[in-house]
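**Q** take a look and give me a structure for this.
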Amino acid sequence: MTAGADGKQKATDAQWGREVAFAFTDIEGSTTRWERDRAAMQDAVRRHDAVVQAAIAQRGGHVFKTAGDAFYSAFSAPQDAVAAMLAAQQALNAEDFSAVDGLRVRAAIHTGGVEMREGDYFGPAVNKVARLLAIGHGGQVLLTAETAALVADTLPADVTLRDLGAYHLKDIAVATTQGHAGPATSSSGVRLSDATAHRMLCLTPYSQWMACTLEWATY
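**A** Sure, this is the predicted structure:
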């Protein structure tokens with residue numbers, strides 16, 4: 001990893017190689033919360049940002065882009081991406097976001113080959129993880145089948161993969177499988193589009209998030 005002129009670390013081809021594990025996150029329903037209470041949301045997002053950034057950095061990830069409350073990060077191994085997203089969800093669950101009626105973050109992970117230019121990534125793998133994130137719900141960590149196959153044998157003892165079935169990813173023509181990493185009883189529903197069917201998997205820690213399961217299941 002190299003440092004740019006602004007002092008921020010930037011990924012290099014030598015660092016990431018041909019295959020990159022991408023983990024994208026955003027806050028579900030953030031616009032409504034901003035409209036309801038700007039000051040409270042500013043504080044909530046500040047704490048959210050710190051938690052997500054820390055989880056990514058502690059597991060060797062690199063945030064290569066942000067957009068509003070969304071984080072786009074890259075990892076050299078999908079196992080690190082999964083660990084980071086699980087840690088982020090668990091840490092966020094431990095925060096008190098009651099001032100904004102809760103903060104529900106969704107995450108998506110996909111692994112694939114990409115082209116890197118000037119610290120940014122380009123190619124179908126980036127497009128796919130972005131589309132996967134768009135159909136998720138707050139509290140979920142969704143995986144493509146490609147990533148699920150790479151991490152299935154290395155998950156923590158209290159985490160399992162749950163197959164959510166076939167769904168549509170807008171403008172993605174090649175069928176794939178997706179999965180979810182989240183609480184065992186959390187909502188498994190996703191939003192559908194009008195494109196080609198894909199499969200989805202979900203990462204599920206059994207114990208840590210049970211207090212929020214019913215809340216998540218209603219959104």
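**Q** need the helices for the chain, in chain order.
**A** 13-16, 30-36, 38-58, 78-94, 124-134, 145-151, 213-217 (DSSP state H).
**Q** for those, give me TSV that also has mean neighbour count.
**A** In this view, the C-beta of every residue, glycine as well, is placed from N, C-alpha and C. Below are the helices of the chain laid out as TSV (neighbours: other C-beta atoms under 10 Å):
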stretch	mean neighbour count
helix 13-16	13
helix 30-36	15
helix 38-58	17
helix 78-94	23
helix 124-134	21
helix 145-151	23
helix 213-217	16
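**Q** show me where this protein dips below the pLDDT cut-off.
**A** 1-17, 167-168, 170-201, 203-219 (pLDDT under 70).
**Q** hmm, try it at 90
**A** 1-19, 115-120, 124, 135, 144-146, 155-219 (pLDDT under 90).
**Q** the helices of the chain: which one's closest to residue 117?
**A** helix 13-16 (9.9 Å; C-beta to C-beta).
**Q** show me what contacts residue 150?
**A** Contact analysis of residue 150 by C-beta atoms under 8 Å, 6 or more residues apart in numbering lists 78-79, 111.
**Q** and with 6 Å instead?
**A** Applying C-beta atoms under 6 Å, 6 or more residues apart in numbering, we find residue 150 in contact with residue 78.
**Q** cool, residue 18 as well?
**A** So residue 18 contacts residue 113 (C-beta under 6 Å, 6+ apart).
**Q** how far away is it from residue 88?
**A** Plainly put, residue 18 is 26 Å away from residue 88 if you go by C-beta to C-beta, to the nearest Å.
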